[in-house]
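S.K.: Coordinates for the following, if possible.
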Amino acid sequence: MNKLFTSTAFLFFFLISQTLWGSTDRVRFLVDELVSSSNFKVRIAAAQELGKIGNGTIATYLEKAFEDENNEAVRLSILDALAQIPDIRSIKSVLYLTFQHLMTTTETSEIKKIVWNHRNIFDKDLWSIEALSSPYEEQRALSFWILSLLDDQTLEPIIIKGIVDPSTIVQKRVLMSLIEFPSQQSQEACAVLLQSTLKSIQSMAQLCVQTITYKKSNLYKPSYKQPIPSITKIDQLLLPSNLQTYLQNKKVDLKYDGQKTVLLPTRTKNTDVRFQSKEIIASTVVQSDLATNQNFSKLDIEIVKSFIKRKFPLIQGCYENMLSAHPDLKGQVGVSIQITSEQKPSGIKIITDTIKKKDLTSCILERLKKLVFPAIAQAHITADYTFYFAPPEKRTYIFRMDE
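M.R.: As a prediction, the model looks like this:
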């Protein structure tokens, strides 16, 4: 029987090697073999060859074949083929399959590897806002899960915030996601849902707590964080709205619940609360002073700070763009930003400026105006940031935060 399999697979490879590369006939032949061949080795080979074609239109065929396939080895080959196609449509298919079908542990690990290898296509701010603000619970759940695979520690407070989402679907995905952040904060967040009235949530929360305990006590390195050989990077962003449209076109029932995991005050009494920090990132020392007109939790403030922190390179870029004409340029620029319930910054203004270069301050203001934040409930946060710029030779590559 093994000889028959080997001979059949050899004949298959010979046939496709004689077919014109990239032709319509070749694609049709490969798809037919993937769907109808009784030899699983031939189906694996067909999936591998379809992945090499690199055309996004192949994604729909692979997606359908995965849904109809029962052999795990073939299913894994199909996932690998989708990973190899440098087209945004292949990632949409992967996320659709994740959303719609039960996966084995090995298949789940393979999908995580695909998302991690193509993490450059996910705008972290847009997906964070989608996780916190989408009116569709399935979209929020998937967004939290995606964020957990993007290899960015600053996203942890955003995922922790998902614990208070009223949807059980979201809560389950958040518990699965927090496992990727084996920290005390994530473990405490998982423990919150041990008090859930649903046994399924309690069980997942217990597993989350236990898994993080294990990972904290061992040198843990996620198995999915491995480069996929010969992968071609996708040069297009996958926007949350595009994925939502794709899922809806696939007749996925996205349940509209209108909920938002907004940044809520811990109590309604108006107070003035200030949060101060100092950070050194590249050549820019950043000192911040955040004030709220209501008492927000520390977690909410961390979420806002993480959004601003990820935009520091944009501010740094304004400064570095001027160094060619002014190589010794240095000094400080202070800005004040008010973040409102509209999710957009307002009242942005320069409060200190020792550099006195209008092009620099104009660039900083313009880039800050484009920021979008999570929803804030009936309140505002005022963030005062002071940027201390110095030429490249004085750069300090350390990170520090003092609360």
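S.K.: roughly how far is stretch 110-128 from the heart of the chain?
M.R.: Offset of stretch 110-128 from its chain centre (Cα atoms, centre = their mean, to the nearest Å): 5 Å.
S.K.: For the top helix by length along the chain, name the packing helices and strands.
M.R.: If you go by DSSP state H, the chain has its longest helix at helix 199-216. With contacts taken as 3 or more Cβ pairs under 8 Å, 6 or more residues apart in numbering; DSSP states H and E, helix 199-216 sits against helix 168-178, helix 184-192. Yep, even glycine has a C-beta here, placed from its N, CA and C like the rest.
S.K.: what is the rounded mean pLDDT of stretch 227-240?
M.R.: Averaging pLDDT along stretch 227-240 yields 92.
S.K.: and the residue nearest the centre of the chain, which of the three is it?
M.R.: The C-alpha lying nearest the average C-alpha coordinate of the chain belongs to residue 147 (Cα atoms, centre = their mean; 3.1 Å). Here residue 147 is recorded as helix under DSSP: H, G, I helix; E, B strand; the rest coil.
S.K.: Run through the residues that contact it.
M.R.: 122, 124, 127, 128, 131, 155, 158, 159, 177 (Cβ atoms under 8 Å, 6 or more residues apart in numbering).
S.K.: what would those look like in TSV with secondary structure?
M.R.: Shown next, in TSV, are the contacts of residue 147 (three-state DSSP):
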residue	secondary structure
122	coil
124	helix
127	helix
128	helix
131	helix
155	helix
158	helix
159	helix
177	helix
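S.K.: Save the residues you listed as TSV, and put in pLDDT, neighbour count and distance to residue 206 too.
M.R.: Below are those laid out as TSV (pLDDT from 0 to 100; neighbours: other Cβ atoms under 10 Å; distance: Cβ to Cβ, whole Å):
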residue	pLDDT	neighbour count	distance to residue 206
122	97	23	30
124	92	18	30
127	95	23	28
128	92	31	27
131	93	31	24
155	92	25	24
158	91	27	23
159	94	24	18
177	96	25	16
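S.K.: one step back: can I get the helices and strands packed on helix 199-216 in CSV including distance to residue 309?
M.R.: Below are the helices and strands packed on helix 199-216 laid out as CSV (distance: least, Cβ to Cβ, whole Å):
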stretch, distance to residue 309
helix 168-178, 20
helix 184-192, 17
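S.K.: Show me which of those has the highest average neighbour count.
M.R.: helix 168-178 (a mean of 23; mean count of other Cβ atoms under 10 Å).
S.K.: Who are the packing partners of it?
M.R.: helix 137-148, helix 156-161, helix 184-192, helix 199-216.
S.K.: isn't residue 256 right next to residue 136, touching?
M.R.: Yes: judged on Cβ atoms under 8 Å, residue 256 makes contact with residue 136 at a distance of 5.8 Å.
S.K.: These two: which has the busier surroundings?
M.R.: Higher neighbour count among residue 256 and residue 136: residue 136, with 22 against 12, using other Cβ atoms under 10 Å.
S.K.: Could you report the distance from the more buried one to residue 252?
M.R.: According to Cβ to Cβ, to the nearest Å, residue 136 and residue 252 sit 10 Å apart.
S.K.: what does residue 201 give?
M.R.: Residue 201 sits 23 Å away from residue 252, going by Cβ to Cβ.
S.K.: Setting aside sequence neighbours, what's the nearest residue to residue 43?
M.R.: Distances taken as Cβ to Cβ, 6 or more residues apart in numbering put residue 74 closest to residue 43, at 4.8 Å, once the chain neighbours are dropped.
S.K.: So for the one you found, what's the pLDDT?
M.R.: Predicted confidence (pLDDT) for residue 74: 96.
S.K.: JSON lines for the contacts of residue 147, including distance to residue 103?
M.R.: Listed next are the contacts of residue 147 as JSON lines, based on distance: Cβ to Cβ, whole Å:
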{"residue": "122", "distance to residue 103": "20"}
{"residue": "124", "distance to residue 103": "25"}
{"residue": "127", "distance to residue 103": "21"}
{"residue": "128", "distance to residue 103": "25"}
{"residue": "131", "distance to residue 103": "21"}
{"residue": "155", "distance to residue 103": "23"}
{"residue": "158", "distance to residue 103": "25"}
{"residue": "159", "distance to residue 103": "20"}
{"residue": "177", "distance to residue 103": "16"}
